[in-house]
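Student: With the input below, show me the fold.
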Amino acid sequence: QAILLRAVRQQGLASPGSPPEFPRIAAPLKMTTKIEVRPDGVGVLTMDNKPVNSLSVPLITSFMENFPKLLADDKVKAIVVTGAGGFFCGGFDIMEFPKLIGQGPDAYKDVPATQPVHNLI
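Tutor: Below you'll find the model as predicted:
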């Protein structure tokens, strides 16, 4: 968990002293989640990060932008989080590991990287 926050901070999305959150980014991101509200009041957030919907910084940032939209919609009575392509989620995006490993074992010992998502839910 801590590795993800370190990646976010390294990419300039949050500073070391800031609370663990995923602020908006000036450069456009590939949206890796999409939302819809079904007629029966079910809000659906679909993770779409091929091939297995891995948790990358862009996917988590997109999740953090779209989930509150469902929470704020008065028509939404329940929320389902699902994955595109027959997969829910393949875990953390291993393509991000090399840059994170280089940051050392103490990089995230005090802050769980997934705390912003936990707080949201």
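
Student: Only C-alpha atoms from now on, for both contacts and neighbour counts.
Tutor: Noted.

Student: In the lengthiest helix in the chain, which residues are buried?
Tutor: For the chain, the helix reaching the highest residue count under DSSP state H is reported as helix 57-72. Along helix 57-72, these residues count as buried under the neighbour rule (16 or more other C-alpha atoms under 10 Å): 57-67, 70-71.

Student: which helices and strands sit right next to it?
Tutor: If contacts are counted by 3 or more C-alpha pairs under 8 Å, 6 or more residues apart in numbering; DSSP states H and E, helix 57-72 sits against helix 2-10, strand 33-37, strand 42-47, helix 115-120.

Student: The same query, at a cut-off of 10 Å, please.
Tutor: Using 3 or more C-alpha pairs under 10 Å, 6 or more residues apart in numbering; DSSP states H and E as the contact criterion, the neighbours of helix 57-72 among helices and strands are helix 2-10, strand 33-37, strand 42-47, strand 78-83, helix 115-120.

Student: tell me the mean pLDDT for that helix?
Tutor: Regarding helix 57-72, the rounded mean pLDDT is 90.

Student: and it with strand 33-37, angle?
Tutor: Using axes from the mean of the first three to the mean of the last three C-alpha atoms, to 10 degrees, the interaxial angle of helix 57-72 with respect to strand 33-37 works out to 20 degrees.

Student: Having no further points to raise, I will conclude here.
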